[in-house]
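> Just a sequence and a predicted model for now, questions to come.
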Amino acid sequence: MIALGGSIGTGLFVASGSAIHTAGPGGAIIGYTIMGIMVYFLMTSLGEMATFLPVSGSFATYCTRFVDPALGFSMGWIYWFNWALTVAVDSTTAGIVMNFWFPHVPSWIFSLVVLVYIITVNALAVSAFGEAEYWLAIIKVLTVVLFLIVGVGVIFGTLGGQAVGFHNLTYRQAPFVGGAPTILSVFLVAGFSFQGTELVGITAGESATPAKSIPKAIHSTFWRILLFYILAIFVIACILPYTSKNLLGSSVKDITISPFTLVFRRAGLAFAASAMNAVILTAVISAANSGMYASTRMIYSMAHEGQAWKIFGVTDRRGIPIYGLLASTLVACLTFLTGIFGPSIYE
């Protein structure tokens, strides 16, 4: 379930519309397909190493062993710092999402609650992290499946009145708008959308049966890319013309014009905005939860490789790298405080 839900986030729910607006339906599909193929090859390569050598915080170990210790050192520290910062960013984002329902409550209050929740889940046991990710992933997966069913219904007219058909795929300059340069620009959005797929490798060291579960999760990468991204973008492009200004939304503050929200509304679901806002909230919390886990295991792995202080390799009686968790928490909290007292990019 971590493999299924790991690549589903705000990049799909919100930013996919801007890709269609920029490159057209065909350009967006090609951009996501090429990036998806790259991710698939990356994941199969990672799966080979994770099955052969299942370690917690795998990237630094693999870089050190198969390439060079210097690469393992730099990769490990950059990856740890990236995810430790992301925990605070996602916690802050969760507060902004909550302002959709409670606009008069300071967002930092909700952000603080999410941050405390993330730290608590990761401090309890690895099973607590796994259970939380399982249910958060289920919500995201079911949302995408429901979206595809509703979208097909709108295309063929079984939902939302008159059939939309496929004429938007060739509307004006569609299916390709702007040629190769715009397709290349989609790569950035697509790459952001696929962020999180590598977490399967991080979790390999604490999987009960890595020889069976890791290959199974990796081989599902192709199908989830096809189902969650290519088909979702195809449905959006059929229902909404690429010229629609509503496709320009690219942040969580644009949830009322998310492509998913617009399609659900087209089908006659009045509660679409609130429902999608709730789904995006789960996606953000899931990303923060995964970020705390990944950063903690990475610094734990580096400690055992001699690339970080040995104290970060110490675990408590539940097997949690407690000092590594404290280090990640410290960076996240400092970043969080900077977000509260520093200038806001959302104003």
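Received, thanks.
> Point out where the stretch 151-300 of the chain drops to low pLDDT.
For the stretch 151-300 of the chain, the stretches flagged by pLDDT under 70 are 248-257.
> what are the ranges of the helices in it?
Assigned by DSSP state H, counting those that start in this stretch, the stretch 151-300 of the chain shows helices spanning 180-193, 199-203, 210-219, 221-224, 231-239, 259-266, 272-304.
> Same list (the ones you listed) but as a markdown table, adding distance to I139 and mean neighbour count.
Yep, even glycine has a C-beta here, placed from its N, CA and C like the rest. Converted to a markdown table, those look like this (distance: least, C-beta to C-beta, whole Å; neighbours: other C-beta atoms under 10 Å):
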| stretch | distance to I139 | mean neighbour count |
| --- | --- | --- |
| helix 180-193 | 18 | 18 |
| helix 199-203 | 17 | 26 |
| helix 210-219 | 19 | 17 |
| helix 221-224 | 15 | 18 |
| helix 231-239 | 16 | 22 |
| helix 259-266 | 13 | 24 |
| helix 272-304 | 5 | 25 |
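> Now distance to G5 too, for those, in a markdown table please.
Output for the helices of the stretch 151-300 of the chain, formatted as a markdown table (distance: least, C-beta to C-beta, whole Å):
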| stretch | distance to G5 |
| --- | --- |
| helix 180-193 | 13 |
| helix 199-203 | 10 |
| helix 210-219 | 11 |
| helix 221-224 | 9 |
| helix 231-239 | 14 |
| helix 259-266 | 16 |
| helix 272-304 | 7 |
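> Those: which one's closest to F66?
Closest approach to F66 among these is made by helix 199-203 (13.2 Å; C-beta to C-beta).
> could I have the closest one exported to CSV, CA atoms only?
Output of helix 199-203 as CSV, limited to C-alpha atoms (Å, rounded to 0.1, in the frame of the first residue of the first chain):
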residue,chain,number,x,y,z
LEU,A,199,10.2,5.1,-0.1
VAL,A,200,9.7,1.5,-1.0
GLY,A,201,13.5,1.1,-0.9
ILE,A,202,13.8,2.9,2.4
THR,A,203,11.2,0.6,4.0
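> Pull the distance from it to the chain's centre.
The chain centroid and the centroid of helix 199-203 are separated by 14 Å under C-alpha atoms, centre = their mean, to the nearest Å.
> so which of the helices of the stretch 151-300 of the chain gets nearest V164?
Within the helices of the stretch 151-300 of the chain, the stretch nearest V164 is helix 231-239; the backing value is 5.3 Å (C-beta to C-beta).
> For burial, what's the neighbour tally of T93?
For T93, the neighbour count with other C-beta atoms under 10 Å is 27.
> start the count at 355, not 1, going forward
Fine by me, first position is 355 from now on; the one you just mentioned is T447.
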